[in-house]
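Following is a predicted model, sequence given first.
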Amino acid sequence: MAPSARFTEDFAYEVLSVVGEIPEGTVATYGQIARLIGRNKNSRLVARVLSHASDYGEFPCHRVVNHAGRLVPGWPEQAFLLRQEGVELKDAMHVDLRKYQWEC
DNA sequence: AAGTTGACAAGAG
DNA sequence: ACTCTTGCCAACT
């Protein structure tokens, strides 16, 4: 049980549920996830859930990037993980969304 | 209580 | 592609 339910367990559960559906070799954007769960204005909250995802369990949070395809600032390891799954990187900090963005 | 910060998005220049 | 501004919402100070 959460020490003090961050935003509402529902929101966190919805986000993590979607993240868990992202197939290997693909990535999703915060805005995309936010829309899938019906909260397209809450894209920032999606990011916050992922940053605390470890508190809820283990999820492929490395498959989530921002709208520009840029990887998480402050987490260089993410590029390595994506590369292992077959995601081609444009730079050390960007993925090729036009090829690897997850479609629902 | 109020202002700032942040793994963001979208529009404008 | 980049920076600046606006909107959004919870956590932090």
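Yep, that arrived.

What average pLDDT does stretch A:95-104 get?
If you average the pLDDT over stretch A:95-104, you get 92.

List of residues touching that stretch?
Identification of contacts with stretch A:95-104 by Cβ atoms under 8 Å, 6 or more residues apart in numbering yields A:22-23, A:25-29, A:32, A:36, A:63, A:65, A:69, A:71, A:82, A:87-90. C-beta here means a position set from N, CA and C on the backbone, and glycine is covered the same way.

near DNA strand B, from these?
Under the cut-off given by Cβ under 7 Å from any atom of the strand, DNA strand B has residue A:29 from the contacts of stretch A:95-104 close to it.

Could you pick out the buried ones from the contacts of stretch A:95-104?
A:22, A:26-29, A:32, A:36, A:63, A:65, A:69, A:71, A:82, A:87, A:89 (16 or more other Cβ atoms under 10 Å).

Okay, buried residues for the helix or strand bottoming out on mean pLDDT in chain A please.
Every helix and strand of chain A was ranked by mean pLDDT, DSSP states H and E. The lowest is helix A:53-56, at a mean of 90. Buried residues in helix A:53-56, defined by neighbour count with 16+ other Cβ under 10 Å: A:53, A:56.

and it, anywhere near DNA strand C?
No. On the criterion Cβ under 7 Å from any atom of the strand, helix A:53-56 is out of touch with DNA strand C, staying 11.2 Å away.

How about that helix and DNA strand B, any contact?
Yes. Helix A:53-56 comes into contact with DNA strand B (Cβ under 7 Å from any atom of the strand), by way of residue A:53.

average pLDDT across whichever helix or strand comes after that helix?
Note on helix A:53-56: by DSSP states H and E, the next helix or strand toward the C-terminus is strand A:64-65. Computed over strand A:64-65, the mean pLDDT rounds to 96.

Of all the residues in stretch A:75-86, which ones are buried?
A:78-79, A:82.

Next up, the contacts around residue A:72.
Counting by Cβ under 8 Å, 6+ apart, residue A:72 has contacts A:62, A:65, A:78.

can you give me how far whatever helix or strand residue A:32 lives in is from the chain middle?
Using DSSP H and E, residue A:32 falls within helix A:30-36. Computed by Cα atoms, centre = their mean, to the nearest Å, the chain-centroid distance of helix A:30-36 equals 9 Å.
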